[in-house]
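1. Sharing a model that was predicted from the sequence below.
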Amino acid sequence: MMVEELPLHDATFDGLVMQGKNCRMFFSRSDGSGCEVLLNGVDALQMDDFREGNIVVYFGTTTRQHPGD
């Protein structure tokens with residue numbers, strides 16, 4: 001199921017699995033439930049600004065742009 005807005009408010013990043021150009025990211029929410037994000041066709045992945053508890057502040061995707069642009 002594809003959703004436009006992810007239910008990740010105050011979520012914690014738990015980890016990821018990269019396989020070829022596919023990336024599966026795992027998150028847990030404060031209520032104990034989990035969320036999984038699957039990205040297909042990933043050429044580059046940038047993750048930074050981790051803080052206490054790996055709390056997700058911003059999550060975004062871009063098309064045809066290099067990370068940091």
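-> Perfect, I can see it now.

2. Adjacent strands (with direction) for the helix or strand of the chain with the lowest mean pLDDT?
-> Sorting the helices and strands of the chain by mean pLDDT, DSSP states H and E puts strand 34-39 at the bottom, at a mean of 86. Note on strand 34-39: by DSSP bridges, its sheet partners are strand 22-28 (antiparallel).

3. was I right about Val17 contacting Arg24?
-> Yes. Val17 is in contact with Arg24 according to Cβ atoms under 8 Å; the separation is 4.7 Å. (Each C-beta comes from the backbone N, C-alpha and C, glycine too.)

4. Tell me how many other residues crowd Asp52.
-> You called it Asp, but residue 52 is Glu. 5 (other Cβ atoms under 10 Å).

5. correction: Met25
-> 20.

6. ok, it - contacts?
-> By Cβ atoms under 8 Å, 6 or more residues apart in numbering, Met25 lies in contact with Phe13, Gly15, Leu16, Glu36, Val37, Leu38, Leu39.

7. Report pLDDT for the closest residue to Arg29 other than its chain neighbours.
-> Once flanking residues are discounted, Arg29 sits nearest to Ala11: 5.1 Å by Cβ to Cβ, 6 or more residues apart in numbering. We have a pLDDT of 77 for Ala11.

8. One more: Ile55?
-> On the pLDDT scale, Ile55 gets 66.

9. Any buried residues in the least confident helix or strand of the chain, and which?
-> Of all the residues in strand 34-39, those buried under the rule 16 or more other Cβ atoms under 10 Å are Cys35.

10. Pull out the CA atoms of it and give them to me as PDB.
-> C-alpha atoms of strand 34-39 as PDB (Å, rounded to 0.1, in the frame of the first residue of the first chain):
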ATOM      1  CA  GLY A  34       6.100  -0.500  13.600                       C
ATOM      2  CA  CYS A  35       6.300   1.000  10.100                       C
ATOM      3  CA  GLU A  36       8.200  -0.100   7.100                       C
ATOM      4  CA  VAL A  37       9.200   2.000   4.100                       C
ATOM      5  CA  LEU A  38      10.200   0.400   0.800                       C
ATOM      6  CA  LEU A  39      12.100   2.500  -1.700                       C
END
